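> need a 3D model of the following:
(chains A and B)
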Amino acid sequence: MTALLDSAALDEADDTGTTLARLFGAEFMKIRTTSSGWLFLTGFIVFTALVLTINGFGHHYQLYPQQGLGGPQALAEAARSRTPAGVAAIAASMMTSGQLFGVLFALLLGVLIVTSEFANQTAAVTFVTVPRRALVIRAKVAAAACCGALFWLVGTVLAAVATPLFLYTQHVSMSLAGWTVARSVLLNLLAFVAWGVFGLGLGAVLRSQIASVVAAMLVYAGSFGAESLFSALYNLFHQGWMLGAPVIAPAVASEVMITSGPAFPYAPPAWVGGVIMIGYTVALVAGGIALTIRRDVI
Amino acid sequence: MVVLLAVVVIVGLVWLARLHRGGTRPDRARTESAGPGLPGRPLGGKRVSPALISQGRIDVRGLTKEYRGVRAVDDLSFTVEPGRVTGFLGPNGAGKTTTLRMLLDLVAPTAGTATIGGVRYADLEQPIRRVGAVLEAGAAHKDRTGRDHLRIICQSAGIPLARADEMLELVGLGVAGNRTFRGYSLGMRQRLGVAAALIGDPQVLILDEPANGLDPEGIRWMRDLLTTLATQGRTVLVSSHLLGEMAQLADDLVIVAAGRLAAQGTVASVIGSMTYLSRTLVRTPEPEKLAAVLGSDAVVTPTGEGGAYITGADAVAIGDAALLAGVAIHQLVTQLPDLEAAFLELTAGKAAIR
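This is a model prediction of the structure:
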């Protein structure tokens, strides 16, 4: 009986202390071994396929307006769309299909990565196994970032299959290797990663799963009300800065960051959007870490 | 920036690929244990070195936790020794769980210290190789299998994932390991909790109400396991409010009430300290005559079967008085209080919800 806990496996244990990489692996296992991670991925794939189809139809009518609809304006628009720059813009749009709401999947998965620990009371097990809470949250940040990147990769692969097929059927040719497309695709990656980490930070700050999910949806959806709000304010006060101010809303900042050209009239340059989006994300993660260290796990 | 993003993606994919291969870590040179008691080496029951004893000792000093003005734990001090099962008893709301959580660095004390082998839990190198804890029977993700729950702990602690299967076998969940936690009975959840606690072959075990929800066979299994672990020289601190179970299992007791220490010592010494609760059973043909000579302190309560319980005078005093009065004594038995009586006396009036 004295050998009750003797173990061949334990003799091979890695005694080099807790590393971020090891915890990152554990966080990925947590996502992999529950259904919600896979459900999110499946939902994202279905959603992206749907948006690709809808975008395809949209761009088709942009290139070939139906007779009698839209008039000369639509024809002029169609002619512009068939220029190399126009086709590049369409290709970029197709390649980032689903981004607008696709990042919501990354955002909500980020929220779940941390809040499910509290909802399922596994936080105590996690922090007893590794009492270094800041390190645990950092591993979760890395996992959320990679989940965002994974969603981006899946969405981009789907789009990379669909876009050339679409362009071929529309009798326009376009190399996807061009900088316009590559820039959109890579900035799209940044958006997915940032929103995944944003969700994680939000979850770490709020802890409650329901509160965090609702807050995430409100932040995302509410951002789009920012433009209306600030244009109403502009009409009242006529302050020029108000026209660019919607960028302080996270989802608008993200849109400004990834859009080539102005995302809305008077939008500030892309880097401003990037700085604001990343600023929110960093602030939430820092706050989440500080609170996680301070709060009791009951 | 592009390069940075590409690196992030590649690192993520490499990790995913590794996890899909089973998640085993690259082989490392085997780390030799430097002496008895290091994780991985069973501890010989009778050969516990002094160094090991100090490593396994739990020391709670002046521990206090205040929640919004209420002192859940109030200047609590006690010691738990290795090689013994220590029962941590108290009424509901006495601060048992809060104390255990402070010991594990889950809850920050308002004042005082809780150390294991002289070190705070948070400062332990590789804590789960030193300390195992069973906190709540419900502490696993409902959608996750028992095996995956244990594997995640292994992965976090740098222990090969194969250890998860060993632990499932040890606690009798070998077959159920592939089922999700949602379908586990309370007893199975407790067993999974024990498996998780023992993953690191810890010298110190802390269990919060591990017998809750177990059937009689499960309770017996738990008792045998904890006794064996203590015999191996490990420290076993187990909270419970099942007094009958504790009386059978524990060597030492720490009793708390209203966040404060009510008693500490071996089971025998805690009960022995309550001799004023003991009573003496006397059988005599002349109970009235005996009562008359015993004096006013003694209270005689007839049992209805030709005997009487006497409190307020011990067996020696009763025997001497009977001899002097010439009363025949047919039976004279001292009955010590049981753990339940001692517990209720020690915690009387302190069990209120605070």
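> any idea of the mean pLDDT for stretch A:8-15?
For stretch A:8-15, the mean per-residue pLDDT is 70.
> alpha carbons only: can I get it in CSV?
C-alpha atoms of stretch A:8-15 as CSV (Å, rounded to 0.1, in the frame of the first residue of the first chain):
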residue,chain,number,x,y,z
ALA,A,8,5.9,5.9,-13.9
ALA,A,9,4.2,9.0,-15.4
LEU,A,10,5.1,11.1,-12.5
ASP,A,11,8.8,10.1,-12.6
GLU,A,12,8.9,11.8,-16.0
ALA,A,13,7.3,15.0,-14.8
ASP,A,14,8.8,18.2,-16.0
ASP,A,15,10.3,19.9,-12.9
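> where does A:Gly58 fall, secondary structure wise?
For A:Gly58, the element it lies in under DSSP states H and E is helix A:35-63.
> elements contacting that helix?
Packing partners of helix A:35-63 (3 or more Cβ pairs under 8 Å, 6 or more residues apart in numbering or on different chains; DSSP states H and E): helix A:71-81, helix A:84-95, helix A:99-119, helix A:133-169. No exception for glycine: its C-beta is placed from N, CA and C like everyone else's.
> change it to 10 Å
In terms of contacts (3 or more Cβ pairs under 10 Å, 6 or more residues apart in numbering or on different chains; DSSP states H and E), helix A:35-63 is packed against helix A:20-32, helix A:71-81, helix A:84-95, helix A:99-119, helix A:133-169.
> for B:His149, find the nearest of those.
Of all the helices and strands packed on helix A:35-63, helix A:20-32 sits nearest to B:His149, with 9.6 Å by Cβ to Cβ.
> let me see the domain layout of chain B.
By the assignment in automatic domain parsing, chain B contains the domains B:50-272, B:279-335.
> on that earlier part again, the helices and strands packed on helix A:35-63: which one's closest to B:Val333?
Nearest to B:Val333 among those is helix A:99-119 (56.0 Å), distances taken as Cβ to Cβ.
> after the closest one, next one along is what?
Assigned by DSSP H and E, the successor of helix A:99-119 is helix A:123-129.
> now for the chain, the helix or strand with the poorest mean pLDDT.
Because you didn't say which chain, this covers chain A. Every helix and strand of chain A was ranked by mean pLDDT, DSSP states H and E. The lowest is helix A:8-11, at a mean of 73.
> try again with chain B
Going by mean pLDDT, DSSP H and E, chain B bottoms out at helix B:2-20, a mean of 46.
> A:Phe40 versus the residue nearest to the spatial centre of chain B, what's the distance?
Most central in chain B under Cα atoms, centre = their mean is B:Val238, positioned 0.6 Å from the mean C-alpha point. According to Cβ to Cβ, to the nearest Å, B:Val238 stands 40 Å off from A:Phe40.
> same check on B:Asp59?
Going from B:Asp59 to A:Phe40 by Cβ to Cβ gives 46 Å.
> what's the answer for A:Trp241, then?
38 Å.
> and these two? Which one has more around it.
Each of A:Trp241 and A:Phe40 has its neighbours counted (other Cβ atoms under 10 Å in any protein chain shown); A:Phe40 has more, 19 against 10.
> what residues are up against residue 140?
Unless you meant another one, I'm taking chain A. A:23-24, A:26-27, A:30-31, A:110, A:113-114, A:117, A:126, A:197, A:200-201, A:203-204, A:285, A:288-289, A:292 (Cβ atoms under 10 Å, 6 or more residues apart in numbering or on different chains).
> meant chain B, my bad for not saying
Counted by Cβ under 10 Å, 6+ apart, B:Ala140 has contacts A:120-122, A:125, B:146, B:148-150, B:152, B:180-182, B:184, B:189, B:192-193, B:196.
> again, but for A:Ala123
Contact analysis of A:Ala123 by Cβ under 10 Å, 6+ apart lists A:114-117, A:133, A:136, A:207, A:292, A:295, A:297-298, B:106, B:139.
> got it, and A:Gln121?
A:Gln121 is in contact with A:Val297, A:Ile298, B:Leu135, B:Glu136, B:Ala137, B:Gly138, B:Ala139, B:Ala140, B:His141, counting by Cβ under 10 Å, 6+ apart.
> interface residues of the stretch 151-298 of chain A facing chain B?
Proximity of the stretch 151-298 of chain A to chain B, by Cβ under 10 Å from any Cβ of the partner chain, involves residues A:152-153, A:182-183, A:186-187, A:189-190, A:193, A:274, A:293-298.
> just the buried ones out of those residues, please.
Applying 16 or more other Cβ atoms under 10 Å in any protein chain shown to those, the neighbour count classes A:Trp152, A:Leu153, A:Leu186, A:Leu187, A:Leu189, A:Leu190, A:Val193, A:Gly274, A:Val297 as buried.
> nearest to B:Leu161, of those residues?
Comparing these against B:Leu161 with Cβ to Cβ places A:Val297 closest, at 25.3 Å.
> just to be sure, that closest one is in a strand?
No: looking at A:Val297 with DSSP: H, G, I helix; E, B strand; the rest coil, it is coil, so not inside a strand.
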